[in-house]
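In: what would the 3D arrangement of this be:
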Amino acid sequence: MKKLLTILLFAPLMAFAAGATLHLDAAPDRSNDIPALQRGAKTFVNYCLNCHSASYMRYNRLHDLGLSDAQIKDNLMFTADKVGELMRTAMQRDEARIWFGAPPPDLTLIARARASEFGSGADWLYTYLRTFYRDDARPTGWNNVVFANVGMPHVFWELQGEQVMVDHKLTLAKPGKLTAQEYDEMVADLVGYLKYMGEPVSEFRKNLGVIVLIALSVLFVFAYALKREFWKDIH
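Out: Numbers count the residues shown, from 1 in each chain. Sure thing, here's the model as predicted:
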């Protein structure tokens with residue numbers, strides 16, 4: 001009994017120590033790169049939206065990325081009829097549970113969710129999407145370095161190629177359609193878009209915060225001058 005209590009007591013510390021060894025590659029910042037976010041949205045719709053929904057995100061939010069209704073309808077809408085609709089997937093949850101063991105998670109807030117676990121959701125996603133490798137022991141034939149025994153197959157394998165694990169290191173066994181640099185750039189664009197979906201007004205919020213601080217600084221000067229004028233005869 002004492003041994004069980006000891007294990008339960010130190011389990012969180014053991015989990016923290018195990019997680020601390022996870023190396024994450026830094027994701028390139030795409031926050032202010034509108035063309036990159038547009039490319040990321042295209043990749044998301046063509047590859048991710050087949051299984052994963054983004055049910056808190058509407059297509060018309062892509063107006064913020066400089067896209068018109070016509071561009072959205074012609075290039076990005078395959079599961080909806082109106083630009084005001086949510087980005088849902090056509091896959092049924094019960095079917096997904098049979099195919100993958102569990103329904104694929106909604107990706108609207110995935111970057112923020114991973115940030116709460118690993119400090120940087122963008123870094124986690126960037127590393128995750130680049131570290132799939134062949135594993136015949138898995139039902140899908142794929143495994144992942146940062147998400148061991150993941151149920152998701154490597155949807156970008158034709159683009160990246162096939163990696164294998166050799167002496168605990170990833171090695172490219174079969175090249176894909178893209179070079180390593182091109183694939184990393186594509187993943188960076190996609191991760192940038194996933195991060196954008198989690199908080200589309202993030203950049204506006206930051207810019208507004210700077211404006212508010214400047215305005216408060218100006219008001220402080222006037223407030224201080226007014227205070228001195230009121231109290232000059234008392235002191």
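
In: what about the helices in the protein?
Out: 2-20, 34-43, 69-75, 93-100, 110-118, 121-128, 157-160, 180-198, 202-231 (DSSP state H).

In: out of these, which is the most enclosed?
Out: helix 121-128 (a mean of 23; mean count of other Cβ atoms under 10 Å). Every C-beta, even on glycine, is put in place using the N, C-alpha and C of the backbone.

In: hmm, who's touching that one?
Out: 23-28, 110-115, 117-118, 144-147, 187-188, 191-192, 194-195, 198 (Cβ atoms under 8 Å, 6 or more residues apart in numbering).

In: what's the angle from it to helix 180-198?
Out: Helix 121-128 and helix 180-198 are oriented at 140 degrees to each other (axes from the mean of the first three to the mean of the last three Cα atoms, to 10 degrees).

In: and the helices of the chain as TSV, adding distance to residue 137 and mean pLDDT?
Out: Below are these laid out as TSV (distance: least, Cβ to Cβ, whole Å; pLDDT from 0 to 100):
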stretch	distance to residue 137	mean pLDDT
helix 2-20	21	41
helix 34-43	29	95
helix 69-75	39	91
helix 93-100	17	76
helix 110-118	26	84
helix 121-128	19	94
helix 157-160	17	95
helix 180-198	25	95
helix 202-231	40	82
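
In: residue 174: which of the ones you listed is closest?
Out: helix 157-160 (8.8 Å; Cβ to Cβ).

In: list the helices and strands that closest one packs on?
Out: helix 180-198 (3 or more Cβ pairs under 8 Å, 6 or more residues apart in numbering; DSSP states H and E).

In: let's go with 10 Å and repeat that
Out: Packing partners of helix 157-160 (3 or more Cβ pairs under 10 Å, 6 or more residues apart in numbering; DSSP states H and E): strand 132-134, strand 169-175, helix 180-198.

In: from residue 185, how far off is residue 35?
Out: 12 Å (Cβ to Cβ, to the nearest Å).

In: if you could redo that for residue 102, that was the one I meant.
Out: From residue 102 to residue 185 the distance is 31 Å (Cβ to Cβ).

In: what of residue 211?
Out: Residue 211 is 33 Å from residue 185, by Cβ to Cβ.

In: then residue 121?
Out: Distance from residue 121 to residue 185, by Cβ to Cβ: 19 Å.
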